[in-house]
Each structure stands twice: as C-alpha cells, then as structure tokens.
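Student: Next one to model:
(chains A, B and C)
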Amino acid sequence: MLKHNREFQLVYRKGKSAHSPALVLFYLPNTPFVTVGFTASKKVGNAVKRNRAKRRMRSLFHSLEPQLAAGSYILVAKATTVDTPYAVMEKGLRKMAERVGALQA
RNA sequence: CCGGUACAACGAGCGAUAGCUUGAUUUUCAAGAGGAAAGUCCGGGCUGCCGUAAGACAGGGCUCCAUCUAACGGAUGGCCGGCGCAAGCCGAGGGACAGUGCAACAGAGAGCAGACCGCCGCGCAAGCGGUAAGGGUGAAAUGGUGGGGUAAGAGCCUACCAGUUCCGCCAGCAAUGGCGGAAGCUAUGUAAACCCAGCCUGGCAGCAAGAAACAGAUGGUAAGCGUCUUACAAUGCUUUUGUUUCGCUGGAGGCAUCCGGUAACGGAUGCAGUAGAUAAAUUAUCGCAUUAACAGAACCCGGCUUACCGUUGUACCUUUCUU
RNA sequence: CGGGAUGUAGCGCAGUAUGGUUAGCGCACCAAGCUGGGGGCUUGGGGGUCGCUGGUUCGAGUCCAGUCAUCCCGA
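Tutor: Below you'll find the predicted structure:
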C-alpha cells in the first residue's frame, strides 16, 4: 500500500499513465511485489462520494490483481467514478492495464 | 372539511455471490456510521507546556427576572416590547442628569437651540426689539385639546389626556403589574460609537495532545508561551526520522416504569449492552423493485447553527357547516 | 485539528478606517465624429439584488449576528 506523498510523486513522474472516461491509472515497475494507492481529490465530491469512489476502485483492483505484474499502481478517481456502471469501469481498467504493459500473459 | 401552528418518530430491510475491521470458545460464529457523524460557533472532561504555589493587574467574555445544569453565550418558565383574527412566533432586552463623540442633505434654527415668512410694539422709512401659537424643512423642531392670560405669544396659569420621575399600599421569590398621591418634570436619538456599572474568568496549545519500546540520524547550550509582587525549589538534558504498543472507548451514557416539579430537570428501581479504524474497515455487484434526501465516526461528552427525501402520529387554532 | 483572507459592472480593482446626496476608476461594450475603408484618436452613453439572510439605526457597500462559496497557511 502506498502511503506517503513522495512515493506517489515518484510514480506520477516516472511511471506510465493511461486514461479512461471514469479512471486514470499510473504504473511503475519498481518493486518485486504489487503495491497500490488510491486517490480521490476534492473534485470528486464530498466525503461520501470520495469514500464510495475509493471503495469501488479497491474492488476493481482486487478482482484484477492476480493477472497483474509486480510494481506500483495508482488509481485516480474522477467525478464520474461514482456513477459509471461497474462493468464499464472493469473493461476500462483491463484496457488501461494492457496499454501500460502491466498485464501478465 | 379547507387552511394553519407547535412538538415528536422513522430515515432503511431481506436474499445471493465476493470481500474488509474487531472480538471470541478461530475449518466457524457474533458485532460493525449519523440525526445531523457536517459547520467548528460556544461550554466542559483529558493531556502537555508556561519552574511550582498564592495573589493582584492587564486582557477576554456576559447583560430583563427566576430556575435547571458539571459548565455554557445553552435550556425551561415568567415579565416587557413587536408581529399575527388565533394557535403561536420573534427580540444582544443594563445605563444617555459619569464624561466624550456623531446627527449627512434639507431647513431660519439640530443639542444648556433657533427669528426665514408670519404676528405684535416702536419708528416717516431703513431698521430695532418681543414672540415658538400658524406656514414651510426634516428621521427628529422641547407633549396634545379646551379655557384663561397677553401688545402679540408662551406650561406663563388651569382642567382633562399621554409620558417621565419620586412616594405609599396591594399581588409576586423577582423582573414587573395594579391602585392612589405628588412634582410643570416634558432638553432628543444613538452605547451592534468610545465608554460606565454589575457579574464571570490563570494563559496557550490541542489525541498529529501525550507516554513507552526498538532501530537509526543530527545538532544545540538556549528557546514563541501577557505583566508585576511574595514564598519555595532547581542545574540536566533536549531536537528529529521510521515502525509498533498504549492513549481508545463504560460515558456528567441509553431505554422502561414510578415519584417530585407548570417545565427544563432531579431522584429511585429495573433492564440491555464491545463501532474503534490508522491511508483509515463498516462494503462491491445483482435481485425483491416501479423508489430515496442530506450526508461518512477518527479522543470523548453537553449544546448551538446549517443541510434534508418520503411519510406518520399527537395536541391546538381560524372560517364555514352539522348535532 | 487549528489559524487567516477574500466576495462590489463581462474582467481587474477603489470605496468600509470616521455610516449620509445619484457607489466610482481602467480595460471591454454601444453610438456619433475625424478617414475612401480599417485601425487609431476624440466626444457621449449604457451596464450594479455591493455573495446570501436577518438585525441595530432616521439612514448600512460600511456596524453586528448567522450562513454560503473560493483561496491560503501551520501541525
């Protein structure tokens, strides 16, 4: 689990990124195991919306985790993360992971 | 019945699959966000710092009366004022003969007033003097009406009315109200302007407070902690990073019944009973289903304020109709 | 958790200290003139719930209380 600001900054600066309508994904293969951080800024909404966005992202990431390569991941929420249907977001995340080269064969 | 007023309650459930946190008797079972958890506007508890203790001042706060409360700037009941036909609602509601300031524009004059027009007297006239009844200005012009009085007028005098202050009696714990009498007292408003009076109050920081353990790193001899007085004590640690543990949830707590009280609230008895996370659990997806607002605990309580879907209940008021 | 600032015309700002006549300034906008036309210049003009809701006062952008939004700072 990523905690500190400098860890986030490292991934933002040096990692690869991919976008989808509901999410943004950052990936940096710098660790021998999978670590992840979730970000929901004030732009997403109030505390309820931010919490919901983080919970949905955590659920999405968990379902995809066995297929992922080692490294640091960051999922960033958008305002649409709260309302977008689950299946659409799942498809989007899989596509993004493929694009940054994190999906294991 | 229509419309309205006040108060209270619920604010989510069940099932399937996958998963999280805590606890236990650990292949399993149990528990797991709010009425506002919010805003952070007040009051406390708790912890540390100001060397310790006591006192004074400064500073800060409050303001009809009584009661409640651990305390409060909160609550309850009452008084007064305003709004409403009413049920009810709203009010920072002490003091303007302790002092200072301000009152634009208009207007003749605006703060121990003032003579523009008018009125009266003197004067040939110019003008001088008297006058606050009338006109006009203004948010505000020294109380209103009648009579007397006068050169013309004026609380100058008087009757009644309105207000203020004082005295007495009655009701009330009190604020205050009622009745009677006296004083021509009627020279304003503003203290959410400075201020005065009375009352209350150590200050500052906040659980990222603070304590301990382990592993490191880097310096420092002095600090940002209102002022003063008195007494006593004292020279040794301190700064900082990471992880873990404690602080961490049983509390001025909740519910029910009875008693006291108009009520807030207090007392007695009984009953039930682990939210405690740390990048932060309490959920994700689907279904019942056509359907939810405002919104997410982060040390804990008591209030205040604000946001809000859909309903339900109780009490009361107005108009009309019926008995 | 704590501290602070701002909100006034489409945009950027004054005015709030000490309440007072019709709330100003620059850019932008509109019209007219100068030019054959544009630009530029000159003259004139329009545009404001002073974030919102109450209160104090004769009178509030200004004082007071509450509230909303935005931004900044510290641990």
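Student: okay, CA-based contacts and neighbour counts for the rest of this
Tutor: Fine.
Student: List the residues that contact the closest residue to residue A:97 other than its chain neighbours.
Tutor: Sequence neighbours aside, residue A:103 is the residue nearest to residue A:97 in space, at 5.8 Å (criterion: CA to CA, 6 or more residues apart in numbering). By CA atoms under 8 Å, 6 or more residues apart in numbering, the residues touching residue A:103 are A:67-69, A:97.
Student: Just the residues you listed: which are in helices?
Tutor: Among the contacts of residue A:103, the ones falling in helices (DSSP state H) are residue A:97.
Student: Up against RNA strand B, what does chain A have?
Tutor: Residues of chain A lying near RNA strand B by CA under 7 Å from any atom of the strand: A:1-5, A:37-38, A:46-48, A:51-52, A:54-56, A:59, A:85-86.
Student: on that earlier part again, just among the contacts of residue A:103, which is most surrounded?
Tutor: residue A:97 (22 neighbours; other CA atoms under 10 Å).
Student: any idea how far that residue is from residue A:47?
Tutor: Applying CA to CA, to the nearest Å, the value for residue A:97 to residue A:47 is 28 Å.
Student: what's the answer for residue A:86, then?
Tutor: Counting by CA to CA, the separation of residue A:86 from residue A:47 is 20 Å.
Student: Settle it for me: which of these two has more neighbours?
Tutor: residue A:86 (15 against 12).
Student: Tell me which residue is most central in chain A.
Tutor: For chain A, the residue nearest the mean C-alpha position is residue A:75 (2.0 Å; CA atoms, centre = their mean).
Student: how would you label that one: helix, strand or coil?
Tutor: What DSSP: H, G, I helix; E, B strand; the rest coil gives for residue A:75 is strand.
Student: what does stretch A:35-47 rub up against?
Tutor: By CA under 8 Å, 6+ apart, the surrounding residues in contact with stretch A:35-47 are A:1-3, A:8, A:50, A:53-54, A:57-58, A:70-80.
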